[in-house]
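1. Here you go, sequence then predicted model.
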Amino acid sequence: MKIKKGFELRQVCGENIIVAYGKENIDFNKVISLNESAAYLWKNITDKDFTADTLASLLQGEYEVDAETAKHDAQALLDEWVKVGLVEG
């Protein structure tokens with residue numbers, strides 16, 4: 001998977017917000033806020049191919065979390081990003 005072109009992470013009033021730009025995202029009218037760990041993942045996968053396992057590995061490298069929890073959380077986040085159209089296969 002990859003983050004779709006036209007989305008980037010910005011800090012707005014201390015919040016991590018995904019913003020859309022470009023005509024391909026003209027219909028994107030959602031405001032997506034990321035918590036600290038999701039923003040950490042976003043920053044580390046921008047312009048790279050990744051999987052849920054990649055995300056889980058990043059989580060374990062940065063936070064004290066067991067493999068099962070990291071994998072579960074990574075898959076849930078990836079599923080949400082797919083659902084709202086932030087990533088492509």
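-> Okay, I see it. For clarity, every value in this text was computed on a predicted model and none was experimentally measured.

2. In the chain, where's the longest helix?
-> Counting by DSSP state H, the longest helix found in the chain is helix 67-84.

3. So what's the gap between stretch 36-52 and the chain middle?
-> 5 Å (C-alpha atoms, centre = their mean, to the nearest Å).

4. Over to stretch 76-87?
-> Offset of stretch 76-87 from its chain centre (C-alpha atoms, centre = their mean): 8 Å.

5. And for it, what's in contact with it?
-> Contacts with stretch 76-87, where a contact means C-beta atoms under 8 Å, 6 or more residues apart in numbering, come from 1-4, 7, 18, 28, 30, 32, 38, 41, 51-52, 55. For glycine as for every other residue, the C-beta is placed from the backbone atoms N, C-alpha and C.

6. quick one on the thing from earlier: partners of the very next helix or strand once past the longest helix of the chain, with directions?
-> As assigned by DSSP states H and E, the chain's next helix or strand after helix 67-84 is strand 87-88. Paired with strand 87-88 in the same sheet, following DSSP bridges, are strand 2-3 (antiparallel).

7. Pick out the residue closest to the middle of this protein.
-> W42 (4.3 Å; C-alpha atoms, centre = their mean).

8. Buried residues of the helix or strand containing D53, list them for me.
-> Assigned by DSSP H and E, D53 falls within helix 52-62. Across helix 52-62, burial judged by 16 or more other C-beta atoms under 10 Å covers 52, 54-60.
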